[in-house]
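Trainee: Here is my input, please return the structure:
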Amino acid sequence: MYESFYKFSGKPFQLNPDPSFYFASQGHSRAFAYLKYGIYQGDGFIVITGDIGAGKTTLLRALMDEVDTERIVVAQLVSTQLDADDLLKAVCGAFGLPIANVTKAEMLAALEKFLRSLPDQARRALLIVDEAQNLTRRAMEELRMLSNFQIGPRPLLQSFLVGQPELRDIMRGPSLQQLRQRVIASYHLGPLAREEVRFYVRHRLERVGWSGDPEIEDSIFDPLYEETGGVPRAINAVCNRLFFRTYLGQRHSIGPADLEETILELHDEFGPPLGAEASGPAPSVAEPNNAEGARPLNSPALAARLDRLDKGVATAHELLSRLVRPEAASGREPAAQRRPRFGARVGR
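Mentor: Numbers count the residues shown, from 1 in each chain. Sure, this is the predicted structure:
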């Protein structure tokens, strides 16, 4: 409704992931670089985690827009408590292989035959598992077994695991030690930094043709960050309601009082903010390495190592020119690592 009133070409704050709205914050740029580094390497596992609403799925869809599908066959799963046998069926189905009325042995044989056919076409396979925290440990082990398909020293299947922070806890289990050894890089995607929120909101508005109507006072962005913790989906939820309220008043400017009224309205519906409880220790990260020498997920805290990763991230961007269609990714300010308040509730 407010889209027509303000002459927008679309919905700037929709909650569904849309790669056309991808915002290259510093955290998202780094996560994107890790995924592209994985594509360049062509083997092993890449693990990306992030809280609900952090933008993981949007990140994946933006990556898919850049992947050269003439050279890489991509299959994507959104896992929902898949066990080992169900996972194999899902993988075969995602690659277009028959799964009806066939045994597990037949599915494995068909999958291996398919994967072995790709190098002859100068292609290779990439499996992306979204919401990977829902996989059982048996399914995780099945994924590792699938990575054993290879020609000479080169594996035929590479996997990206993307999920919520508990994915890391699952992978730290003793039964998944062999899988951890095949992780070549991992990264935790945090919320936007305080100073990035303003750029994020304006970026989304500009994507739908915003030209200053409504006028937005800069003084709303600090309280918007405080309310949402910098979580993109929470920012979208608050801004969507904020613009709707302004439209109902037939007004062409937005200030702090409008945001305060919107937040109070949302609190009436969903309850007060969850509070600024501690988010616990920062997630760890494994730096890019060889598949057999990948550092474990319980390496030193992410916050103490981000600066040391910048050089490797820039190198990964440069190396990807052969496999990924070039897109300029602009660096932003450092991502904040605090737990969202209202954002955690909205994202459920």
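Trainee: mind listing the helices for this structure?
Mentor: Here the chain has its helices, by DSSP state H, at 2-5, 26-41, 56-66, 84-94, 104-117, 137-146, 166-171, 177-180, 194-207, 221-228, 232-248, 256-270, 306-319, 342-346.
Trainee: Pull the fourth one out as CSV, backbone CA atoms only.
Mentor: Just to be clear, that refers to helix 84-94. Provided in CSV are the C-alpha atoms of helix 84-94 (Å, rounded to 0.1, in the frame of the first residue of the first chain):
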residue,chain,number,x,y,z
ALA,A,84,21.1,-40.4,6.2
ASP,A,85,18.9,-42.2,3.8
ASP,A,86,16.6,-39.2,3.3
LEU,A,87,19.6,-37.0,2.7
LEU,A,88,20.8,-39.3,-0.1
LYS,A,89,17.4,-39.2,-1.7
ALA,A,90,17.3,-35.4,-1.4
VAL,A,91,20.8,-35.1,-3.0
CYS,A,92,20.0,-37.4,-5.9
GLY,A,93,16.7,-35.6,-6.4
ALA,A,94,18.3,-32.2,-6.4
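Trainee: got the contact list for F13?
Mentor: 204, 235-237, 239-240, 243 (C-beta atoms under 8 Å, 6 or more residues apart in numbering). Yep, even glycine has a C-beta here, placed from its N, CA and C like the rest.
Trainee: Most neighbours among the residues you listed, which one?
Mentor: I235 (28 neighbours; other C-beta atoms under 10 Å).
Trainee: wait, that residue sits on V201?
Mentor: Yes. Using C-beta atoms under 8 Å, I235 and V201 qualify as a contacting pair, with a distance of 6.8 Å.
Trainee: Now the common contact residues for the two.
Mentor: Common neighbours of I235 and V201 (criterion: C-beta under 8 Å, 6+ apart): L224.
Trainee: List the residues that contact the residue nearest the centre of the chain.
Mentor: Among the residues of the chain, the one closest to the centroid is K56, at 1.7 Å (C-alpha atoms, centre = their mean). Residues counted as contacts of K56 (C-beta under 8 Å, 6+ apart) are 31, 48-50, 130, 162-163, 189.
Trainee: Recalculate using a threshold of 6 Å.
Mentor: 50, 162 (C-beta atoms under 6 Å, 6 or more residues apart in numbering).
Trainee: which intervals of the stretch 201-348 of the chain have sub-threshold pLDDT?
Mentor: 272-348 (pLDDT under 70).
Trainee: 50 - rerun?
Mentor: Residue ranges of the stretch 201-348 of the chain with pLDDT under 50: 274-348.
Trainee: give the contact list for Q164.
Mentor: Q133.
Trainee: how much space between it and L189?
Mentor: Counting by C-beta to C-beta, to the nearest Å, the gap from Q164 to L189 is 11 Å.
Trainee: likewise A234?
Mentor: For A234, the distance to L189 - C-beta to C-beta - is 15 Å.
Trainee: Compare these two (neighbour count), which wins?
Mentor: Comparing A234 with L189 by neighbour count (other C-beta under 10 Å), the higher total belongs to A234, at 27 against 23.
Trainee: That one contacts T228, doesn't it?
Mentor: Yes. Using C-beta atoms under 6 Å, A234 makes contact with T228 at a distance of 3.8 Å.
Trainee: To what extent is the closest residue to R71 other than its chain neighbours buried, counted in neighbours?
Mentor: Distances taken as C-beta to C-beta, 6 or more residues apart in numbering place R123 nearest to R71, at 5.7 Å, with adjacent residues excluded. Residues lying near R123 (other C-beta under 10 Å) number 14.
Trainee: swap in R198?
Mentor: By other C-beta under 10 Å, neighbour count at R198 equals 17.
Trainee: Give me the pLDDT for it.
Mentor: Looking at R198, its pLDDT reads 97.
Trainee: where's it relative to D218, distance?
Mentor: For R198, the distance to D218 - C-beta to C-beta - is 7 Å.
Trainee: OK, contacts around L127?
Mentor: Applying C-beta under 6 Å, 6+ apart, the residues near L127 are 75, 159.
Trainee: And it, how close does it get to V183?
Mentor: 14 Å.
Trainee: swap in V238?
Mentor: Distance, V238 to V183, by C-beta to C-beta: 36 Å.
Trainee: One more: L161?
Mentor: 8 Å.
Trainee: For these two, work out which one has more neighbours and name it.
Mentor: L161 (26 against 23).
Trainee: Which residues does that one form beta bridges with?
Mentor: Legend: beta-bridge partners of L161 under DSSP bridges are V47, V129.
Trainee: Next one: it relative to A110, how far apart?
Mentor: Distance from L161 to A110, by C-beta to C-beta: 23 Å.
Trainee: cool, E227 as well?
Mentor: 51 Å.
Trainee: Neighbour count: those two, which is higher?
Mentor: More crowded of E227 and A110, by other C-beta under 10 Å: E227, with 22 against 16.
Trainee: I'd say the more buried one and L266 touch.
Mentor: No. Checked against C-beta under 6 Å, the pair E227 and L266 is beyond contact range at 8.5 Å.
Trainee: which neighbours do L161 and V183 share?
Mentor: Between them, L161 and V183 share these contacting residues under C-beta under 6 Å, 6+ apart: V47.
Trainee: just to revisit the earlier point, closest one to P153 among the helices of the chain?
Mentor: helix 26-41 (13.1 Å; C-beta to C-beta).
Trainee: then that closest one to CSV, C-alphas only?
Mentor: Taking C-alpha atoms only, helix 26-41 is exported to CSV below (Å, rounded to 0.1, in the frame of the first residue of the first chain):
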residue,chain,number,x,y,z
GLN,A,26,31.6,-6.0,5.9
GLY,A,27,30.3,-9.2,7.4
HIS,A,28,28.4,-10.2,4.4
SER,A,29,31.3,-9.3,2.1
ARG,A,30,33.6,-11.6,4.1
ALA,A,31,31.1,-14.5,4.1
PHE,A,32,30.6,-14.0,0.4
ALA,A,33,34.4,-14.1,-0.1
TYR,A,34,34.6,-17.4,1.9
LEU,A,35,32.0,-19.0,-0.4
LYS,A,36,33.8,-17.8,-3.5
TYR,A,37,37.0,-19.0,-2.1
GLY,A,38,35.4,-22.4,-1.7
ILE,A,39,34.2,-22.4,-5.3
TYR,A,40,37.7,-21.6,-6.4
GLN,A,41,39.2,-24.4,-4.3
